[in-house]
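Q: Show me the folded form of this:
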Amino acid sequence: MEKLTHTEEEVMQAIWQTGEGNIKAFMENMAAPAPYTTIASIVKNLERKGYVSSRLVGNAYLYQPAVTDAAYKKKFVGSVVKNYFDNSYKEMVNFFVEQKKLSAKELKEIINLIENGNK
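A: Prediction:
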């Protein structure tokens, strides 16, 4: 699985949110979409990379995710932890605490999730 560019990730987020749809449907789920032709080109690149599949319905293509957002997160969050936090999730959490991106309340919620087996 190839890492996506920031723009490709934005389009994939819209595709995951939409499910099956056409380019216009994906654009509706984007905060500030690029022009139609740009999004169409990105979707074709995502299809070439194996992230999206398509089918022809009449004279229009419908696209759907070929990779789940969970699978993508698992692959690339793991590589971020490995490459930037010495393969330590503890170091990653510590980083977010130091950057004031994670509150004590949120940390307690995480601890509760761990202790309760993510129920």
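
Q: so what does the longest helix along the chain touch, helix or strand wise?
A: Ranked by residue count, the top helix of the chain under DSSP state H comes out as helix 69-84. Judged by 3 or more C-beta pairs under 8 Å, 6 or more residues apart in numbering; DSSP states H and E, the packing partners of helix 69-84 are helix 6-18, helix 89-98. To be clear about C-beta, it is placed using only N, CA and C from the backbone, and glycine gets the same treatment.

Q: tell me what the last one is packed against?
A: The one in question is helix 89-98. helix 69-84, helix 104-115.

Q: Name the residues that touch stretch 74-83?
A: Defining contact as C-beta atoms under 8 Å, 6 or more residues apart in numbering, one finds that stretch 74-83 is touched by 1, 3, 87, 88, 89, 92.

Q: what are the phi and psi values for the third one?
A: The phi and psi values for residue 87, taken as degrees, to the nearest 10, are phi 60, psi 30.

Q: In contact with it: list those residues for me.
A: By C-beta under 8 Å, 6+ apart, the neighbours of residue 87 are residue 81.

Q: Same question for the last one.
A: For residue 92, the set of contacting residues under the criterion of C-beta under 8 Å, 6+ apart consists of 80, 81, 84, 85.
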